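**Student:** Got a sequence here, can you build the structure:
(chains A and B, ligands or ions: 2)
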Amino acid sequence: MTQLTLAKALNAGMRRAMEGNPKVIVMGEDVGKLGGVFRVTDGLQKDFGEARVIDTPLAESGIIGTAVGLAMRGYRPVCEIQFDGFVYPAYDQIVSQVAKMRVRSRGKVTLPVVIRIPYGGGIGAVEHHSESPEAYFAHTAGLKVVTCGNPSDAYWMIQQAIASDDPVIFFEPKRRYHDKAEVNTELSAPPVPLHASQIVRDGTDATLLCYGPMVKTCLAAAEAAEQDGQHLAVVDLRTLSPFDLGPVYELVRRTGRVIVVHEAPITGGLGAELAARITQECFFSLEAPVLRVGGFDLPYPPARAEEEYLPDLDRVLDAVDRVLAY
Amino acid sequence: MSPDAPSSGPVAAIPPTDGLKECTVTTEGTFGPAQGSAQEGGPELVQLLTPEGERREHPDYTFDLDDEAIRGFYRDMVLTRRIDSEATALQRQGELGIWASLLGQEAAQIGSARATRAQDFIFPSYREHGVAWCRDIDPLALTSMFRGVDHGAWDPGAVNFHLYTIVIGAQTLHATGYAMGIQKDGCVGTGDPDRDTAVMVYFGDGASAQGDVNEAFIWSSVFNAPVVFFLQNNQWAISAPSEKQSRIPLYRRSSGFGFPGVRVDGNDVLACYAVTKAALQQAREGGGPSLVEAFTYRMGAHTTTDDPTRYRLQAELEHWKHKDPLARVKAYLTRNGLVDADFFAELEREADELAERVRSGTRAMPEPNLAELFDLVYAEGTPELQEQQRWYTEYHASFHDAASAEVAR
Ligand SMILES: Cc1ncc(C[n+]2csc(CCOP(=O)(O)OP(=O)(O)O)c2C)c(N)n1
Ligand SMILES: [Mg+2]
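**Tutor:** Residues are numbered from 1 along each chain as shown, chains lettered A, B, ... in the order given. Ligands and ions are numbered 1, 2, ... in the order given. A predicted model of the protein is given here:
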């Protein structure tokens, strides 16, 4: 067991994957000497060399497009997109090429590409540095989408994503990069499958569904609700495409009430998909409509308004009150 | 394309004007490493004022303004640098979220911006505080952005200066499209100095690798759009040295796209003015796009959150300090007796006043109002969004009511 921040856990996970497979390469803007703007790739170039940790030209379409070719040639590129808002120049390559290659080659070409994207707000950044674009990718058939909410998941999930033969969009909650927790790096195999959700708190009155940066927020909300005698369950979804909703349905049947929480804007967000599936699967167990707490349907606001924009403990508790009022 | 279509691009079809050199690209070295020392800029560098403050002649470019103008440029640079250092200090004090310093790039920005005419439209990147200064953008409109109060508060159309663009390179296409509009409006090549208009777009050495930028080169070339691509090669894109983006000197990029490129000493305000003026004039006259590479140096960190000691040597900075864009103008003015002690004292006082205004003005800024944003998303508001706005406003109010009730208790 070691105490690691989420960023350091990702670093350790990538390091282990690189040690285990010489075909794993890391590429992106400023990932080498600088170690990435969040230091997630710190020291990797020093230890694995410039051939395996590549400072790329400043061109996201180039990063992903060349990763496709490298993957076709047998490499396992781990691409870093510097910030959520800068993935869009690569969107065409991701959606039209990465996602479709396997099916159009009738399974002959697989692309084991990992695309790491620091995402979400709460760090007081300027424009384009705080977005939550996960729905765009989860909506795209052919991509797998995951996100970690704690250091242990960061450490294991990045390795699992790299080991996956499918392309994986790996969302990292940047405002949680410095959160520290125990990571058992001695295990010989990952403790949880990559595409599995996890109940991180059990409860009886309502279920909070969340992922990435909102897991901590929801756990804090559940803690606060406990003081008022409300027992909330919290699920860290972890995998956004595919979903793993078996444990969720089971909880919903027990609690009868669900709230989905994400930073991304509500409309067309993953909360909508979750609500539809839960309604379909658990209709007769529901005591209340599935509620969603998310960002407003606004372009991400200036930093000093972001606390008003983002779901926080109070917004979650407000929804808890509403869902319990049914 | 028919077999007898002209094989030469628009550049060859247009007589070179205003001394903007036709692109001369030699094939030698094409497959070798980049030519010219990374720190010197090579023999192709256009320089009219040396780091020691001595005027130089150049066969193609002359500085055609008087010493009064040079004093004005110096003032611009001093005040811009002061805004910059004040903003950096404000970030350190927690008043700004982040700041992107222009330290070292004052000459490139002031020289080029002062070469524009009022009708010319400018698209900045995010470090163009000196250009903003020349367009009379209140420095507080810059600090409010970096404080996180807004995303840019001026009306681009009113000042012919677009909002800052943070997504690298995107603005080069906007500039090209704007230039195409100018062309369609018949505001190119009429010979009327008040009518003929050009567009200038700022971007960096890192940006030069971006797809959008290369598409902008193609579009502007194909449509012969009146746009000047002003590339500030400050040698770094965060931690990536400019060699990571290009194996040939960047000014030579344009030749493959079919328009001229020139490398100017970006720390020489006179040369930046002269070269940009010629490029803009060529564009206004219908001569099409051109690329100006201002060879300069980012003397500070990429932004206040960056730590350049991780990736570059202090010696490099020391080398560039000798080429400081302000020092050489000061040397020129002083050595030739063009200013007296009062000039500097007065400027110092003006800078202090400005800094104080930036400081107190930034601290006193009202917080942004999220509720107001709901009205700004669409020209024609939507019922859905209005409903969200209503919900937010009520929620927000209830929260504050509860808070004041709490206090009252
Ligand atoms: C599309 C996109 N990718 C990445 C970034 C992150 N980023 C901000 S500035 C920068 C370097 C830009 O270098 P350059 O173009 O040389 O301009 P400079 O900062 O030196 O003025 C990067 C990678 C961004 N803003 N936009
Ligand atoms: Mg640069």
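
**Student:** C-alpha only now, for contacts and for neighbours.
**Tutor:** Fine.

**Student:** can you count the residues close to residue 139?
**Tutor:** I went with chain A, as the question did not name one. 18 (other C-alpha atoms under 10 Å in any protein chain shown).

**Student:** oops, chain B please
**Tutor:** By the criterion of other C-alpha under 10 Å, B:Pro139 has 22 neighbours.

**Student:** Wait, it touches B:Trp133, no?
**Tutor:** Yes - under the criterion of C-alpha atoms under 8 Å, B:Pro139 makes contact with B:Trp133 at 7.2 Å.

**Student:** List the residues that contact the residue of the stretch 1-150 of chain B at minimum distance from ligand 2.
**Tutor:** Here the stretch 1-150 of chain B gets closest to ligand 2 at one residue, B:Arg127, 10.0 Å apart by C-alpha to the ion. When contacts are counted by C-alpha atoms under 8 Å, 6 or more residues apart in numbering or on different chains, B:Arg127 touches B:100-102.

**Student:** likewise B:Glu215?
**Tutor:** Contacts of B:Glu215 (C-alpha under 8 Å, 6+ apart): B:Leu173.

**Student:** Please see if whatever helix or strand it lives in touches ligand 1.
**Tutor:** Assigned by DSSP states H and E, B:Glu215 falls within helix B:211-222. No - contact of helix B:211-222 with ligand 1 (C-alpha under 6 Å from any ligand atom) is absent, the minimum separation being 9.4 Å.

**Student:** buried set for stretch A:273-284?
**Tutor:** A:274-275, A:278-279, A:281-283 (16 or more other C-alpha atoms under 10 Å in any protein chain shown).

**Student:** For the stretch 251-400 of chain B, just list every one of the strands.
**Tutor:** For the stretch 251-400 of chain B, the strands defined by DSSP state E, counting those that start in this stretch cover B:261-265, B:290-295.

**Student:** same check, this time on chain A
**Tutor:** With DSSP state E as the criterion, chain A has strands at A:2-5, A:24-28, A:53-55, A:76-80, A:114-119, A:144-147, A:168-173, A:180-183, A:198-201, A:206-210, A:232-236, A:239-241, A:258-265, A:291-295.

**Student:** The stretch 1-150 of chain B too?
**Tutor:** B:121-123.

**Student:** Show me what from it comes close to chain A.
**Tutor:** When proximity is defined by C-alpha under 8 Å from any C-alpha of the partner chain, the stretch 1-150 of chain B lies next to chain A at B:97-98, B:145-150.

**Student:** Quick check: end-to-end length of stretch A:298-310?
**Tutor:** Chord length of stretch A:298-310, first to last residue, is 11 Å (C-alpha to C-alpha, to the nearest Å).

**Student:** An error on my part: the question was meant for stretch A:134-147.
**Tutor:** End to end - C-alpha to C-alpha - stretch A:134-147 spans 9 Å.

**Student:** So what touches that stretch?
**Tutor:** A:95, A:98-100, A:102-103, A:166-173, A:194-195, A:211-212, A:238-242, A:264, A:268-270.

**Student:** got it, and stretch A:18-29?
**Tutor:** In contact with stretch A:18-29 (C-alpha under 8 Å, 6+ apart) are residues A:17, A:36, A:51-58, A:63, A:74-82, A:162, B:240.

**Student:** And for stretch A:307-319?
**Tutor:** Applying C-alpha under 8 Å, 6+ apart, the set of residues contacting stretch A:307-319 is A:121-122, A:217-218, A:220-221, A:225, A:259, A:261-263, A:291-296, A:301, B:370.

**Student:** one step back: could you flag which of the contacts of stretch A:18-29 are buried?
**Tutor:** Buried, going by 16+ other C-alpha under 10 Å: A:17, A:36, A:52-58, A:63, A:75-82, A:162, B:240, out of the contacts of stretch A:18-29.

**Student:** Most proximal residue of chain A with respect to ligand 1?
**Tutor:** A:Phe86 (4.5 Å; C-alpha to the nearest ligand atom).

**Student:** Now do the same contact list for that residue.
**Tutor:** A:60, A:128, B:167.

**Student:** Next one: it from B:Gly169, what distance?
**Tutor:** Taken as C-alpha to C-alpha, the span from A:Phe86 to B:Gly169 is 11 Å.

**Student:** go on, A:Val146?
**Tutor:** 29 Å.

**Student:** rewinding a little: so which of the contacts of stretch A:18-29 reach ligand 1?
**Tutor:** Counting by C-alpha under 6 Å from any ligand atom, the members of those near ligand 1 are A:58, A:82.

**Student:** Please tell me the pLDDT value assigned to residue 2.
**Tutor:** Let's take chain A. We have a pLDDT of 94 for A:Thr2.

**Student:** actually it's chain B I care about, not the one you picked
**Tutor:** 39.

**Student:** Contact partners for the closest residue to ligand 2 within chain A?
**Tutor:** Nearest residue of chain A to ligand 2: A:Leu58, at 10.4 Å (C-alpha to the ion). Taking C-alpha under 8 Å, 6+ apart as the criterion, A:Leu58 is in contact with A:29, B:206-210, B:237, B:245.

**Student:** rerun at 10 Å
**Tutor:** A:28-30, B:168-169, B:205-211, B:237, B:240, B:244-245 (C-alpha atoms under 10 Å, 6 or more residues apart in numbering or on different chains).

**Student:** same check, this time on A:Val320
**Tutor:** A:205-208, A:221-222, A:225, A:230, A:232, A:257-259, A:291, A:314.

**Student:** Weed out the non-buried ones from those residues.
**Tutor:** For these, buried by 16+ other C-alpha under 10 Å: A:205-208, A:221-222, A:225, A:230, A:232, A:257-259, A:291.

**Student:** In a markdown table: the residues you listed, plus distance to B:Thr382 and pLDDT.
**Tutor:** Output for the buried ones among the contacts of A:Val320, formatted as a markdown table (distance: C-alpha to C-alpha, whole Å; pLDDT from 0 to 100):
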| residue | distance to B:Thr382 | pLDDT |
| --- | --- | --- |
| A:Asp205 | 36 | 98 |
| A:Ala206 | 32 | 98 |
| A:Thr207 | 32 | 98 |
| A:Leu208 | 30 | 98 |
| A:Ala221 | 32 | 98 |
| A:Ala222 | 34 | 98 |
| A:Ala225 | 35 | 98 |
| A:Gln230 | 37 | 97 |
| A:Leu232 | 35 | 98 |
| A:Arg257 | 30 | 98 |
| A:Val258 | 28 | 98 |
| A:Ile259 | 25 | 98 |
| A:Leu291 | 22 | 98 |
